[in-house]
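Colleague: when you get a sec, could you give me coordinates for this:
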Amino acid sequence: MQTAQTVLASATLVPMTLEMAIVLGLVAATVILFLTEWLRVDVVAILVMVALPLLGIVDGVDAFRGLASNAVISIIAVIIMGRGLDHTGVISQLMRPLMRLAGRSRGRITVLVSGTVAVVSSFMQNVGAAALFLPAIRRLSRHSGVPVSRLLMPVGFSAILGGTVTLVGSSPLIMLNDLIQPFGLAPFGLFSVTPVGLALVVAGIAFFVFGGQRLLPAGEPTGEQGEDLMAWYCDLGCMHELRAPADLAGELHVQDLIDTYCIQVVALSQKGGRDVLLPPDRAMRIAPGAVLAAIGSPARVAGLVREHGFVVKAGLDVFAQAMSDEESGVVEALVPPHSRFIGMTVADIRFRHNHLMSPLAVTRDNKTRYCDFWDMVVHAGDSILMHGRWESFHAMRPRREILFVQSLDHEVLHPEKAGVAVGAFLLSTGLVLATDLALSVCLMTGALAMVLGRVLTIDEAYRGVDWRTVFLLAGLIPLGVAMERTGAASWMAGHIMALVGQPAPWVFLFVLGALSTAMTLVVSNVGATVLLVPLAVDMATAVGADPRLSALVVALAASNSFLLPTHQVNALYMGPGGYRSLDYVRAGLPVSLLFLAVLTVMVSVFY
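Modeller: From the prediction side, this is the model:
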């Protein structure tokens, strides 16, 4: 077996080749672009994928082999199956008994919800699990009176930790077997990591139950679900029925009432009730004698009456049926991380024209805007209050562009397909356990079963896939291959060994986990894993540690992303939870140290 000095000597005696320099330069450029965010991470990955064959490091076939890799296909299948489980209401059904069991006890809520999210996250992408449970957690906060800031961070951390329980729970673990295959190391099974992952989940939940809650911001209780949702938006006002005067002077449009008076027009009848538009488009002209339903404060409505002569009717008459709870209502929705609305302004989305919904208010970082939000660029985690017919919300829900916070009385789900969805999921799991088929084949079988079972259409499956993640993975895989083939990974290993010397195996594993943690905070967990696994294998050989377990430590420690809101789950929960970066540092530092300690002990003892 090589010693650390042997590796160092070989790294010193063998000069760096041009190919090594090119690959290391690409690695450095990739890290810089990830940190500066001059380009999106998936665009950076595509640049790497194209640059490698252009520079003569790998051929075109190897450069694009990542698009058909076991890891990429497995992630696509997991996302599709997660979408199918959500589409049938399995997640919603799962939360109902939890809400009854948890009651108003903060400790029970933390254990039950965090544990459930961790289990779900162990079989699907953790950001997907976090997004699915976010509306339910908001409802649970209202029901229990526990501030949402005391719930979201423990649940979010549990979603990340749940990704360490099985080999399909996170992107780094899904990629692990592909990354160690060139070294001739035995692949890991689906549940090979389960003992370590369960220990990490238990430790993380226990931390927040026994003292960690004190490190979270206090926040404010969000109230009871049964109360009127509009009561939580006290500056919004209430519903009024207004009639325009027969001698209405000048041109007056719906957008004038919205922009000038901050009165949200949600319905309009130009002919005194014989035709009802719900909602009217912003550019629609208000004709003399028209009747409209509008939400606004009494003071703002009084200003409209004073300046234009509108008549405020006592109660709802023309719109009594259209505004009834059976036909329409107000809902609160959250923007998930995969929504195509992200990056668009509220005006660009055209909720009224395209989706028949009237935006009433937009909340971000606990700040609500009732007016002048049309030019706001939509971010993941934004909360949008909207009015519309129930069927409009039904039509929007399958698209998953927004997630509704509260349960809709007329929720459009397909519970009759829940058995098919669960059966397809169990089929894929059974194939993984009982056959020698590739992981991608087993998981794609389950995803295809959901499509053939009409749990969701193939178009819905395509829309559910986060193609940014796909190209991020596919672009970085050939970079890891290039590091190994050119000897750049071994060259770096020799120089790093000069710094760490030849420590005991458990010390080496701890240092390796800390290195992976540090890289994950500034680079994506996928990028850190791809870059460090070849390095870890060579370093482990030098210090006498198990190279297979060293690669496993790197992949597991890539989930140790708690110190900063750079992980997708942390970024998603930051806005709804009202968190600051300092909150993540305060709670994330002890969790990160606990993670490394438990990881080192479990890998050293169990394996």
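
Colleague: name the residues of whatever helix or strand residue 483 lives in that are buried.
Modeller: If you go by DSSP states H and E, residue 483 is part of helix 467-486. Residues of helix 467-486 classed as buried by neighbour count (16 or more other Cβ atoms under 10 Å): 469-486. Where you see a C-beta, it was placed from the backbone N, CA and C, and this is true even at glycine.

Colleague: could you dump it to PDB, C-alpha only?
Modeller: Extracted in PDB, the C-alpha atoms of helix 467-486 (Å, rounded to 0.1, in the frame of the first residue of the first chain):
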ATOM      1  CA  TRP A 467     -34.000  20.500 -16.200                       C
ATOM      2  CA  ARG A 468     -31.600  22.900 -14.600                       C
ATOM      3  CA  THR A 469     -30.600  20.100 -12.200                       C
ATOM      4  CA  VAL A 470     -30.400  17.600 -15.100                       C
ATOM      5  CA  PHE A 471     -27.900  19.800 -17.000                       C
ATOM      6  CA  LEU A 472     -26.000  20.700 -13.900                       C
ATOM      7  CA  LEU A 473     -25.400  17.000 -13.200                       C
ATOM      8  CA  ALA A 474     -24.700  16.100 -16.800                       C
ATOM      9  CA  GLY A 475     -22.200  18.900 -17.200                       C
ATOM     10  CA  LEU A 476     -20.100  18.200 -14.100                       C
ATOM     11  CA  ILE A 477     -19.800  14.400 -14.400                       C
ATOM     12  CA  PRO A 478     -17.300  14.600 -17.300                       C
ATOM     13  CA  LEU A 479     -15.300  17.100 -15.300                       C
ATOM     14  CA  GLY A 480     -14.800  14.500 -12.600                       C
ATOM     15  CA  VAL A 481     -13.900  12.000 -15.200                       C
ATOM     16  CA  ALA A 482     -11.300  14.400 -16.700                       C
ATOM     17  CA  MET A 483      -9.700  15.000 -13.300                       C
ATOM     18  CA  GLU A 484      -9.100  11.200 -12.900                       C
ATOM     19  CA  ARG A 485      -8.000  10.500 -16.500                       C
ATOM     20  CA  THR A 486      -5.400  13.300 -16.600                       C
END
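
Colleague: poorly predicted segments of the stretch 451-600 of the chain, please.
Modeller: For the stretch 451-600 of the chain, residues meeting the criterion pLDDT under 70 lie at 489-490, 493-494, 496-498, 500-501, 521-524, 566, 568.

Colleague: tell me where it has strands.
Modeller: Assigned strands in the stretch 451-600 of the chain: none (criterion: DSSP state E, counting those that start in this stretch).

Colleague: repeat for the stretch 201-350 of the chain
Modeller: Secondary structure of the stretch 201-350 of the chain (DSSP E, counting those that start in this stretch): strands located at 238-243, 264-269, 291-296, 311-313, 328-334.

Colleague: go through these and name the closest to residue 164.
Modeller: When the strands of the stretch 201-350 of the chain are compared by Cβ to Cβ, strand 328-334 sits nearest residue 164, at 26.1 Å.

Colleague: then that closest one to PDB, C-alphas only?
Modeller: Taking Å, rounded to 0.1, in the frame of the first residue of the first chain, the C-alpha atoms of strand 328-334 are listed here in PDB:
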ATOM      1  CA  SER A 328     -65.400  31.900  -5.300                       C
ATOM      2  CA  GLY A 329     -63.000  32.800  -2.500                       C
ATOM      3  CA  VAL A 330     -59.600  34.100  -1.400                       C
ATOM      4  CA  VAL A 331     -56.600  31.800  -1.300                       C
ATOM      5  CA  GLU A 332     -53.000  32.300  -0.300                       C
ATOM      6  CA  ALA A 333     -50.400  30.600  -2.600                       C
ATOM      7  CA  LEU A 334     -46.600  30.100  -2.400                       C
END
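
Colleague: other residues contacting it?
Modeller: Residues from elsewhere that reach strand 328-334 (Cβ atoms under 8 Å, 6 or more residues apart in numbering): 134-135, 138, 229-230, 278, 322, 360, 381-390, 393, 402-406, 408, 576.

Colleague: in strands, which of these appear?
Modeller: Those of the contacts of strand 328-334 mapping onto strands are 360, 383-389, 403-404, per DSSP state E.

Colleague: so can I have a markdown table of the residues you listed showing distance to residue 510?
Modeller: Formatted as a markdown table, the ones in strands among the contacts of strand 328-334 follow (distance: Cβ to Cβ, whole Å):
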| residue | distance to residue 510 |
| --- | --- |
| 360 | 52 |
| 383 | 41 |
| 384 | 45 |
| 385 | 48 |
| 386 | 50 |
| 387 | 55 |
| 388 | 54 |
| 389 | 58 |
| 403 | 39 |
| 404 | 44 |
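
Colleague: could you identify the buried members of the contacts of strand 328-334?
Modeller: For the contacts of strand 328-334, a burial check counting by 16+ other Cβ under 10 Å picks out 134-135, 138, 229-230, 278, 322, 360, 381-390, 393, 402-406, 576.
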